[in-house]
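Visitor: Please work out how this folds:
(one chain, ligands or ions: 2)
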Amino acid sequence: MFNMEFDAGASLKKAYKAYIKQLNKWSADGTVPKLASQDMRFALELQRRHWERLGLKVEQDIRSPKAGSHEIPSVSYSDRIFVNHIVGTNKLLSTKISDQGGVIYDRTEEVGTSVVVQQLKKDTQPPSDMPISCPHCGAPATLCAIENGCPYCGTHFEMEDLFPKVTNAFFDVHEDADGKKSKRRLLILLISGVAIMLAICPFTAGALTFVSSVMLGLIFGFGAWVLSKFFGTLAMMGKDLRGGGKVFKSLKFRNKIRALDPEFSTEHFRDRAMNLFRMMAYGEDPTRYTACYCDLPDKWDTVVDAYFQNFGIDKYRIEGNECNVDLTLYMDCLIYKNGKIRNRSRKYRMELYKRIGDPTDLGFSVKAVSCPSCAGTFDAEQVRNCPFCGHEYDLSRHDWVVKRIS
Ligand SMILES: [Zn+2]
Ligand SMILES: [Zn+2]
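Guide: Ligands and ions are numbered 1, 2, ... in the order given. Next up is the predicted model:
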């Protein structure tokens, strides 16, 4: 169920603006955004520790561009319990990265910034035994327990404190938004054109005068610029279409799996895939995590930051209740190599796995799971056995796990 608004409601705008503010604060001093969902929180914490291990200082600042519209549009889609709103607008994103030697990357770009804001559906009461983490101390608990005061820190929460949550954020870089790069290229091509013609001029036995050489140089330079613009547009169109060819496969997969799991949503699956990617890319030793059923490949990029562009299903296999999905994530990445930061478009292939049994547990978080054997609530992020009864907890029964990444 999709719904589009040209201007998001006041509460959504507030959540969006607050999250951007919290992201800036996170970048400045490491305070994890309060609005971030458990999975997002986890990814942000991993990413920050990852930067520290690399010895990099990453400063990011998101602010509003001076000109441009201030409307904040939103698109919404809902499942049984939640309404998810994609709220976004154009922002200026400054990224400054330094190592011990000084600044190695400094760039300000106009980006389309969108966040996914998750709200409880009106008149929906989520199950009171829904596992949820305490927003104050992070302890695993159930919704019912949290409403009666967190069993660990005692903080009392109302439903309004637990929602909305931000479950994902996207940054879409508009290449050369202000045309600066293009203007610079024009200047370079004009100068080179003139320089080449002036160099040829003395050898033309007077057929070309100084003035006509300059004129011809300018014409050639301009022609080269028009051509470069044309090819640049083609390259950009290709980039925007990345993964587009997989739309039908992805739709087919969705229909197939919906037959087994009526709660399946492509958006939730995408968010999960991205968060698993973040876990693999930023985790110190990803194999420690319960959601990791594989090793990292030998050749693996050192990703400093990754902006999601698109994703597509390559193939899938459903046998009985076991589901394997091969997918490609298309990302614009900042990659750290030989002391330099490079901006690269990357494709990452992942195989995700899940046992489709009960319908997707909406609001599931690995940080607060419920033991199927003794019903105890615990944090299964790095623990494979229930701390209360020792029962082995199989995360793939409840959420997607990574079987392969390359
Ligand atoms: Zn607490
Ligand atoms: Zn147990």
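
Visitor: residues in the stretch 251-400 of the chain within reach of ligand 2, list them.
Guide: Counting by Cβ under 5 Å from the ion, the residues of the stretch 251-400 of the chain lying close to ligand 2 are 371, 373-374, 376, 386, 388-389, 391. Backbone N, C-alpha and C define where each C-beta goes, glycine included.

Visitor: Please convert the buried members of these into PyMOL selection syntax.
Guide: Buried residues within these, by 16 or more other Cβ atoms under 10 Å, are selected in PyMOL with:
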select buried, resi 371+386
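
Visitor: Tabulate the residues of the stretch 251-400 of the chain next to ligand 2 (JSON lines), appending distance to residue 130, secondary structure and pLDDT.
Guide: Output for those, formatted as JSON lines (distance: Cβ to Cβ, whole Å; DSSP: H, G, I helix; E, B strand; the rest coil; pLDDT from 0 to 100):
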{"residue": "371", "distance to residue 130": "15", "secondary structure": "coil", "pLDDT": "90"}
{"residue": "373", "distance to residue 130": "19", "secondary structure": "coil", "pLDDT": "91"}
{"residue": "374", "distance to residue 130": "18", "secondary structure": "coil", "pLDDT": "93"}
{"residue": "376", "distance to residue 130": "15", "secondary structure": "coil", "pLDDT": "87"}
{"residue": "386", "distance to residue 130": "18", "secondary structure": "coil", "pLDDT": "93"}
{"residue": "388", "distance to residue 130": "19", "secondary structure": "coil", "pLDDT": "94"}
{"residue": "389", "distance to residue 130": "21", "secondary structure": "coil", "pLDDT": "95"}
{"residue": "391", "distance to residue 130": "20", "secondary structure": "coil", "pLDDT": "93"}
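
Visitor: The protein: strands as residue ranges?
Guide: In the chain, strands defined by DSSP state E lie at 2-5, 57-63, 74-78, 82-99, 102-120, 131-133, 140-142, 165-173, 303-319, 322-337, 340-355, 369-370, 377-378, 401-405, listed in chain order.

Visitor: Give me whichever of those is most buried.
Guide: strand 131-133 (a mean of 24; mean count of other Cβ atoms under 10 Å).

Visitor: Pairing partners for that strand, with directions?
Guide: Paired neighbours of strand 131-133 in the sheet (DSSP bridges): strand 140-142 (antiparallel).

Visitor: any idea how far the strand it pairs with is from the chain center?
Guide: Centroid separation for strand 140-142 versus its chain: 27 Å, with Cα atoms, centre = their mean, to the nearest Å.

Visitor: can it be found next to ligand 1?
Guide: No - Strand 140-142 is not in contact with ligand 1 by Cβ under 5 Å from the ion; minimum separation 7.4 Å.

Visitor: and if you look at stretch 146-160?
Guide: Yes - if you take Cβ under 5 Å from the ion as the test, stretch 146-160 does meet ligand 1, through 150, 152-153.

Visitor: Now list the buried members of these.
Guide: residue 150.

Visitor: Pipe the residues of stretch 146-160 next to ligand 1 into CSV and attach distance to residue 78 per row.
Guide: Formatted as CSV, those follow (distance: Cβ to Cβ, whole Å):
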residue, distance to residue 78
150, 29
152, 32
153, 32
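
Visitor: Tell me which of the residues of stretch 146-160 next to ligand 1 fall in helices.
Guide: Per DSSP state H, helices hold no members of the residues of stretch 146-160 next to ligand 1.

Visitor: I'd like the residues of stretch 146-160 next to ligand 1 written out as a markdown table, with pLDDT and distance to ligand 2 added.
Guide: Below are these laid out as a markdown table (pLDDT from 0 to 100; distance: Cβ to the ion, whole Å):
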| residue | pLDDT | distance to ligand 2 |
| --- | --- | --- |
| 150 | 84 | 20 |
| 152 | 84 | 18 |
| 153 | 85 | 23 |
